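**Student:** below: sequence and its predicted model.
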Amino acid sequence: MPVEARECCGRYSVRFSVGRKPRRAAFVVGDFTANMKALELRFCGGDYCAHVALPPGIYRYRYIFDGGVVLDGGEAEGGYDLLRLAGSRPPRGPKPPRAVYAVFVDRFECK
C-alpha cells in the first residue's frame, strides 16, 4: 500500500492507495482528518486511492479495509503508520486578537 508525496509551493500532494479491490469499502484515516472522518479510497485506474494536500510535518495514518485496520508495513507508532513530509512549515498568519473574546464574555456577564 504505497504512499506517494509530491512537493509543490511548500505543500505536498499525497496519494494514499491500496492495490487490491475491497469487498465493501476502503478508507484512510489519520491526523489530517482529526482521526474522525475517514476518506474513502476510490477506483483510480488500477488501484484504489485518495488524494490529500498537506503542509510539511509528521502525520499518523492507517487504512480501514473492509472494516479492519491495515497498516502498510512501513514505520509505525501506536497502531498507525507514520508519514514524514520534510521541509519548512509555511508561515502562519497573525494571531487573532484576544479582546474579541473578552468583549463577548463581558457582554454576557460571564466571569
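**Tutor:** Nice, thanks for sending it over.

**Student:** helix or strand with the lowest mean pLDDT in this protein?
**Tutor:** Lowest mean confidence among the helices and strands of the chain (mean pLDDT, DSSP states H and E): helix 99-107, at a mean of 49.

**Student:** the residue nearest the centre of the chain: what's it in contact with?
**Tutor:** Nearest residue to the geometric centre of the chain (Cα atoms, centre = their mean): Phe32, 2.2 Å. Residues in contact with Phe32 (Cβ atoms under 8 Å, 6 or more residues apart in numbering) are 52, 54, 59, 61. Quick note: C-beta positions are derived from backbone N, CA and C, even for glycine.

**Student:** tell me how far it lies from Gly87.
**Tutor:** Applying Cβ to Cβ, to the nearest Å, the value for Phe32 to Gly87 is 16 Å.

**Student:** returning to what we had before: among the contacts of Phe32, which are in strands?
**Tutor:** 52, 54, 59, 61 (DSSP state E).

**Student:** which of the residues you listed sit farthest apart?
**Tutor:** Leu54 and Tyr61 (10.3 Å; Cβ to Cβ).

**Student:** which one is Phe65 nearest to, not counting chain neighbours?
**Tutor:** Nearest non-adjacent residue to Phe65, counting by Cβ to Cβ, 6 or more residues apart in numbering: Ala26, 4.9 Å away.

**Student:** is that neighbour in contact with Arg62, as I believe?
**Tutor:** No. Ala26 is beyond contact range of Arg62, at 11.5 Å (criterion: Cβ atoms under 8 Å).

**Student:** more neighbours, these two?
**Tutor:** Per other Cβ atoms under 10 Å, whichever of Ala26 and Arg62 has more neighbours is Ala26, with 26 against 20.

**Student:** would you enumerate the residues in contact with that one?
**Tutor:** Residues in contact with Ala26, defined by Cβ under 8 Å, 6+ apart, are 18, 40-41, 48, 63-66.
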